[in-house]
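Novice: Sharing a sequence plus its predicted fold:
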Amino acid sequence: MGPGMRRALAALTCAAALATIAACLTPPAAAAPRTASSPPYPASLIVKTEFRLKADLVRRNLKKAPQLVFFGGSRSQRFDPVFAQQRTGLRAVNIAHSCARPEAAWAGLNWFYKRWPNAKIRWVWGMQSGMLRDRDLDAALLQDKRFYPYFPADLLKKQRAKLPSSPSKMPRTYGFLGNRYSSRGLLVWNRYDKRRAAGYPLRKALDAYIARMLRGRTASMPDTRARRYFEDTVRLLNEHGTTPVIVLMPIHPRVLRVMKEHDMGGERQRLRDYLAALAETHDIKVLDFTTIGSFNGRASWFYDGVHITRRNTNRVITALKLKAREQLK
């Protein structure tokens with residue numbers, strides 16, 4: 001397997017993919033599905049992904065449309081739909097998944113509206129700066145007929161060329177298959193929980209996270225396609241009478257101090273500026289929960305520098321009820 005294929009498979013299985021797709025600049029349609037022929041993928045070449053798993057949970061367990069959807073990357077997977085329903089009265093689901101990108105939000109939302117055309121779907125989008133970078137598409141968006149009709153043929157063709165072409169090139173393992181999820185998509189157990197149960201202290205987890213953060217300082221990556229799909233998803237929600245709530249996800253206080261010492265806050269500030277400009281043309285509600293004080297969180301309720309436990313996400317949901325009351329009606 002060559003380096004290019006390994007990078008593509010890493011993105012598809014939720015590791016960090018480094019290849020960008022700056023050439024794919026065709027914006028998606030505002031709402032109507034695009035026609036795309038069904039690719040001839042036998043079962044032996046279907047790449048398993050966490051996004052597909054979440055969609056299957058929705059298909060099996062929700063007979064009625066979700067009234068509240070949590071979307072985002074791995075930092076948003078602990079939003080508890082049951083707790084949210086208790087606090088808001090809204091039937092909730094969590095479709096957040098590792099390495100999530102706006103393209104998955106676009107496809108998932110269109111699929112929801114196809115299943116439930118008249119649904120009012122409130123949308124809470126947990127966001128961090130890297131989510132708007134262009135990366136390879138999740139394999140489910142390329143292989144699953146529920147999703148690929150919402151993308152242009154040229155993008156599908158380029159991205160499908162990176163998929164495994166034979167069983168010998170398929171991923172050997174999928175880390176997310178060792179996770180446990182609730183019927184509504186809450187991530188109940190993964191390697192962070194296993195590590196904590198084994199006695200690994202948060203202090204060491206923060207040490208490791210900060211070391212990776214300082215080593216990983218790189219130039220900004222293109223975000224043309226990701227931003228377009230983000231904005232089209234927001235527009236589609238607006239057209240259906242929904243104001244999405246964009247949540248800037250928390251960062252551990254110790255990590256924030258290190259970021260300040262090393263002047264590393266620029267990327268998040270650029271995200272704030274971008275969202276402020278977007279709010280002038282789109283209907284969005286932005287809640288900045290970067291600091292734990294903004295939602296009454298606790299520093300001890302983190303797995304590492306940015307992944308929060310369910311206790312902290314419950315605090316975020318409680319704050320959402322207060323600060324986004326109108327958007328969650």
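Specialist: Cool, the structure landed. None of the values given here were measured: they were computed from a predicted structure.

Novice: So for stretch 231-245, what gets flagged as buried?
Specialist: Neighbour-count burial for stretch 231-245, counted by 16 or more other Cβ atoms under 10 Å, picks out 231-237, 240, 242-245. In this view, the C-beta of every residue, glycine as well, is placed from N, C-alpha and C.

Novice: Among these, which ones are in helices?
Specialist: Those of the buried residues of stretch 231-245 mapping onto helices are 231-237, per DSSP state H.

Novice: ok, so of the buried residues of stretch 231-245, who is nearest residue 49?
Specialist: The closest of those to residue 49 turns out to be residue 233 (Cβ to Cβ; 18.8 Å).

Novice: In TSV: the buried residues of stretch 231-245, plus pLDDT and distance to residue 124.
Specialist: Output for those, formatted as TSV (pLDDT from 0 to 100; distance: Cβ to Cβ, whole Å):
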residue	pLDDT	distance to residue 124
231	98	17
232	98	18
233	98	13
234	98	13
235	98	17
236	98	16
237	98	11
240	97	15
242	98	11
243	98	11
244	98	7
245	98	5
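
Novice: Spatially, which two of those residues are the most separated?
Specialist: Across those, no pair lies farther apart than 232 and 245, at 17.6 Å, counting by Cβ to Cβ.

Novice: wait, what's in contact with the residue nearest to residue 324 when sequence neighbours are not counted?
Specialist: Distances taken as Cβ to Cβ, 6 or more residues apart in numbering place residue 245 nearest to residue 324, at 4.7 Å, with adjacent residues excluded. Under the criterion of Cβ atoms under 8 Å, 6 or more residues apart in numbering, the neighbours of residue 245 are 122-125, 284-287, 320, 324, 327-328.

Novice: which residues of the stretch 1-150 of the chain fall in strands?
Specialist: According to DSSP state E, counting those that start in this stretch, the stretch 1-150 of the chain carries its strands in the segments 68-71, 92-94, 122-127.

Novice: Dump these to JSON lines, plus mean pLDDT, distance to residue 39 and mean neighbour count.
Specialist: Converted to JSON lines, the strands of the stretch 1-150 of the chain look like this (pLDDT from 0 to 100; distance: least, Cβ to Cβ, whole Å; neighbours: other Cβ atoms under 10 Å):
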{"stretch": "strand 68-71", "mean pLDDT": "98", "distance to residue 39": "25", "mean neighbour count": "27"}
{"stretch": "strand 92-94", "mean pLDDT": "98", "distance to residue 39": "28", "mean neighbour count": "28"}
{"stretch": "strand 122-127", "mean pLDDT": "98", "distance to residue 39": "29", "mean neighbour count": "25"}
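
Novice: Out of these, the one nearest residue 149 is which?
Specialist: Comparing the strands of the stretch 1-150 of the chain by Cβ to Cβ, strand 68-71 comes nearest, at 19.7 Å.

Novice: For that closest one, name the packing helices and strands.
Specialist: When contacts are defined as 3 or more Cβ pairs under 8 Å, 6 or more residues apart in numbering; DSSP states H and E, strand 68-71 sits against helix 81-88, strand 92-94, helix 102-115, strand 122-127.

Novice: Between the buried residues of stretch 231-245, which sits nearest residue 277?
Specialist: Nearest to residue 277 among these is residue 231, at 11.0 Å by Cβ to Cβ.

Novice: Return the closest of the contacts of residue 245 with respect to residue 258.
Specialist: residue 287 (23.9 Å).

Novice: So the closest one belongs to a helix, correct?
Specialist: No. Counting by DSSP: H, G, I helix; E, B strand; the rest coil, residue 287 is not found in a helix; it is strand.

Novice: ok, it touching residue 319?
Specialist: Yes. If you go by Cβ atoms under 8 Å, residue 287 and residue 319 touch, sitting 7.5 Å apart.

Novice: okay, the contacts of residue 245 in TSV with distance to residue 206 next?
Specialist: Shown next, in TSV, are these (distance: Cβ to Cβ, whole Å):
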residue	distance to residue 206
122	33
123	31
124	26
125	26
284	32
285	31
286	27
287	24
320	26
324	30
327	33
328	33
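
Novice: No further queries at this time; thank you.
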